[in-house]
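Novice: My questions concern the predicted model and sequence given below.
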Amino acid sequence: MTTEQLLQMVKDGKAMSLRRQLSLTAKLSLPAMLAQLSNIVMQYIDASMVGSLGADASASIGLVSTTIWLFGGLCSAIAAGFAVQVAHLVGAKRNDDARSVLRQSLVTCLIVGVVLCLVGVVISDGLPRWLGGHEGINADASRYFLIFALCLPPLIMQILGGAMLRCSGNIKVPAMLNIATCVLDVIFNFLFIFPSRQVTLGGVSILLPGCGLGVTGAALGTAVAEVAVAVVMLYWVCFRSSEIGLRGTRGSFRPTLPVLRRALAIGSPLAVQHVLMCGAQISITRIVAPLGSISIAANAFGITAESLCYMPGYGFSEAATTLVGQSIGAGRKQLTRSFARITVLSGMAIMTVMGVLMYIGAPLMMSLMTPVQEVVELGTRVLRIEAWAEPLFGAAIVCNGVFVGAGDTTVPAVMNLVSMWAVRLTLAALLVGSMGLAGVWLAMCIELCFRGAIFLLRLRYGNWIKLSGTTKKASVPI
């Protein structure tokens with residue numbers, strides 16, 4: 001059966017065998033994992049391109065990366081506040097109401113994107129100094145963040161479009177467009193980062209054009225790729241989606257209080273979580289920064305390398321959000337729990353395998369991104385520490401996707417924050433003096449194990465399934 005047919009069984013209240021549940025989980029997870037993989041490949045290529053410019057160039061991007069995650073997380077949080085509503089409404093077969101939520105989300109997210117852009121532009125000049133960077137990297141770091149900030153309005157629209165398509169059951173199109181982002185990013189990076197140069201292929205000399213902009217070119221390459229894909233993503237969700245497309249329909253784009261309240265109830269805990277989690281990450285960046293460019297670069301490259309390991313977890317997390325959201329919308333509590341168990345156990349199993357591969361392949365993973373041997377050696381050491389946390393990290397990632405799909409975001413946000421601030425940040429501050437960067441990553445490993453354990457406990461014993469008003473056929477004023 002196709003993905004659409006299986007999702008229709010969820011909406012229609014038909015019995016689903018375990019085989020069909022597993023099949024639907026795989027059909028939704030695999031495209032999401034491919035999209036995550038393509039995104040990580042893009043990060044690898046970006047890192048290797050910038051890494052060829054030296055440790056300072058890599059450190060300049062690593063310095064502001066946690067702040068970039070902060071802004072990106074805020075964009076994802078506001079998008080989730082609307083997308084989860086759409087998942088519930090589509091599951092309840094209330095597609096007209098889902099379209100109404102989509103219209104309102106477009107206006108709201110655009111406004112939020114512009115506000116975040118202005119904030120980013122204002123802080124871009126002083127940000128590297130606040131983070132403890134040195135003069136050799138601050139100028140590049142500032143320009144990199146400025147370009148990112150200017151692209152926040154299209155970025156939030158791209159995130160919204162992808163979230164809407166996934167929550168309505170269309171995983172393939174966002175996955176393909178994310179892959180397209182990576183391909184375009186590589187092309188534009190080659191053009192913007194490096195100067196024009198002669199390359200010999202099969203005895204033939206070819207002139208490759210380039211702008212020679214270095215770190216600034218890396219930011220521009222990513223920005224142009226994201227803007228291009230944002231346009232296509234919005235076109236698809238608004239005019240091509242069979243579930244929530246707006247073609248041939250009429251309705252107001254003016255945000256209404258019921259939809260905004262629900263979006264805030266879902267999205268604000270996520271937003272606060274992202275702010276405080278990234279605040280902790282920024283604090284860790286300040287802990288790492290005094291260790292010098294080698295440690296900053298090894299930390300940044302290590303995070304990029306590790307992302308390959310947890311990529312499958314986020315694939316299952318996206319599938320969990322869709323499956324749980326639509327099952328709750330259809331009023332199917334037992335099916336909701338079944339999909340939650342399947343996605344979490346699958347995510348943990350595959351991330352255990354990825355953790356083993358990361359431990360073995362850590363030297364190769366680091367050497368692909370930088371020719372600096374000191375960075376490779378330090379990065380290998382910290383990756384092998386982190387590998388032990390991957391199974392429980394997978395549990396935390398997929399459980400979070402389950403809870404988001406259920407619209408249950410407040411308690412998980414508190415759990416994330418307690419884990420990050422009380423465990424990771426405290427341990428990192430205690431261990432960095434005696435162990436350097438390895439101490440920071442040991443703190444990360446311990447914290448991720450703790451976080452996974454408490455998320456599994458909530459999944460098993462917590463009251464996170466609440467069948468909302470969207471399961472009722474009578475429309476609410478949206």
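Specialist: All right, it came through fine.

Novice: Next, work out how far apart residue 29 and residue 313 are.
Specialist: As judged by C-beta to C-beta, to the nearest Å, residue 29 and residue 313 stand 10 Å apart. To be clear about C-beta, it is placed using only N, CA and C from the backbone, and glycine gets the same treatment.

Novice: actually residue 172, sorry about that
Specialist: Residue 172 sits 20 Å away from residue 313, going by C-beta to C-beta.

Novice: Looking at these two now, which is surrounded by more residues?
Specialist: Between residue 172 and residue 313, counted using other C-beta atoms under 10 Å, residue 313 has the larger neighbour count: 29 against 18.

Novice: which one is the more buried one nearest to, not counting chain neighbours?
Specialist: Nearest residue to residue 313, sequence neighbours excluded (C-beta to C-beta, 6 or more residues apart in numbering): residue 397, at 3.8 Å.

Novice: With residue 29 instead?
Specialist: residue 319 (4.2 Å).

Novice: ok, residue 324 - contacts?
Specialist: Applying C-beta atoms under 8 Å, 6 or more residues apart in numbering, we find residue 324 in contact with 336, 339, 340, 401, 402, 405, 406.

Novice: avg pLDDT for whichever strand or helix holds the second one?
Specialist: When you say that, I think you mean residue 339. Using DSSP states H and E, residue 339 sits within helix 333-367. Computed over helix 333-367, the mean pLDDT rounds to 91.

Novice: Then stretch 260-278?
Specialist: The predicted model assigns stretch 260-278 a mean pLDDT of 85.

Novice: Residues contacting it, please?
Specialist: Here stretch 260-278 makes contact (C-beta under 8 Å, 6+ apart) with 66-67, 69-70, 73-74, 76-82, 84-85, 104-105, 108, 404, 407, 409-410, 412-414, 416-417, 420-421.

Novice: Just the buried positions in that stretch, please.
Specialist: For stretch 260-278, the neighbour count (16 or more other C-beta atoms under 10 Å) marks 260, 262-263, 266-278 as buried.

Novice: And the helices in the stretch 251-400 of the chain?
Specialist: For the stretch 251-400 of the chain, applying DSSP state H, counting those that start in this stretch gives helices covering 257-288, 293-329, 333-367, 373-386, 390-405.

Novice: next one: the stretch 101-250 of the chain
Specialist: For the stretch 101-250 of the chain, the helices defined by DSSP H, counting those that start in this stretch cover 127-130, 135-150, 152-167, 172-193, 215-235.

Novice: just checking, what packs against the first one?
Specialist: By that I understand helix 127-130. helix 55-91, helix 135-150 (3 or more C-beta pairs under 8 Å, 6 or more residues apart in numbering; DSSP states H and E).

Novice: Residue ranges in the stretch 351-478 of the chain under the pLDDT threshold?
Specialist: 467-478 (pLDDT under 70).

Novice: still on that earlier bit, deepest-packed of the helices of the stretch 101-250 of the chain, please.
Specialist: Scoring the helices of the stretch 101-250 of the chain by mean neighbour count under mean count of other C-beta atoms under 10 Å gives helix 152-167 as the most buried, with a mean of 26.

Novice: what angle do it and helix 55-91 make?
Specialist: 40 degrees (axes from the mean of the first three to the mean of the last three C-alpha atoms, to 10 degrees).

Novice: who touches residue 337 in this structure?
Specialist: When contacts are counted by C-beta under 8 Å, 6+ apart, residue 337 touches residue 465.

Novice: Repeat that for residue 176.
Specialist: Applying C-beta under 8 Å, 6+ apart to residue 176 gives the contacts 31, 35.

Novice: Quickly note the distance from it to residue 260.
Specialist: According to C-beta to C-beta, residue 176 stands 31 Å off from residue 260.

Novice: The residue nearest to residue 305 when sequence neighbours are not counted: what's it in contact with?
Specialist: Spatial nearest neighbour of residue 305, excluding adjacent residues (C-beta to C-beta, 6+ apart): residue 365 at 4.3 Å. By C-beta under 8 Å, 6+ apart, residue 365 lies in contact with 305, 308, 358, 379, 383.

Novice: what does residue 378 give?
Specialist: By C-beta under 8 Å, 6+ apart, the residues touching residue 378 are 294, 295, 298, 437, 438.

Novice: quick one: which of those residues is nearest to residue 96?
Specialist: residue 298 (52.6 Å; C-beta to C-beta).

Novice: isn't that closest one right up against residue 382?
Specialist: Yes - the criterion here is C-beta atoms under 8 Å, and residue 298 meets it with residue 382 at 6.8 Å.

Novice: per-residue pLDDT, the residue nearest to residue 29?
Specialist: 88.

Novice: One more: residue 42?
Specialist: As predicted, residue 42 sits at a pLDDT of 64.

Novice: hmm, back to that, state the pair within the contacts of residue 324 that is farthest apart.
Specialist: By the measure C-beta to C-beta, 336 and 401 form the most distant pair in the contacts of residue 324, at 12.9 Å.

Novice: about what we covered before: out of the contacts of residue 324, which end up buried?
Specialist: Buried members of the contacts of residue 324, counted by 16+ other C-beta under 10 Å: 336, 339, 340, 401, 402, 405, 406.

Novice: want to try JSON lines for these, with distance to residue 92 as columns?
Specialist: Shown next, in JSON lines, are the buried ones among the contacts of residue 324 (distance: C-beta to C-beta, whole Å):
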{"residue": "336", "distance to residue 92": "13"}
{"residue": "339", "distance to residue 92": "17"}
{"residue": "340", "distance to residue 92": "19"}
{"residue": "401", "distance to residue 92": "20"}
{"residue": "402", "distance to residue 92": "19"}
{"residue": "405", "distance to residue 92": "14"}
{"residue": "406", "distance to residue 92": "14"}
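
Novice: quick revisit: if you rank the contacts of residue 378 by neighbours, which is first?
Specialist: Busiest of the contacts of residue 378 [other C-beta under 10 Å] is residue 298, holding 35 neighbours.

Novice: where's that one relative to residue 375, distance?
Specialist: 5 Å.

Novice: next one: residue 284
Specialist: 18 Å.

Novice: and what of residue 456?
Specialist: Counting by C-beta to C-beta, the gap from residue 456 to residue 375 is 35 Å.

Novice: Kindly report the same for residue 73.
Specialist: From residue 73 to residue 375 the distance is 27 Å (C-beta to C-beta).

Novice: Looking at those two, which one has more neighbours?
Specialist: A count of neighbours by other C-beta under 10 Å puts residue 375 above the other of residue 73 and residue 375, at 27 against 18.

Novice: No more questions from me, cheers.
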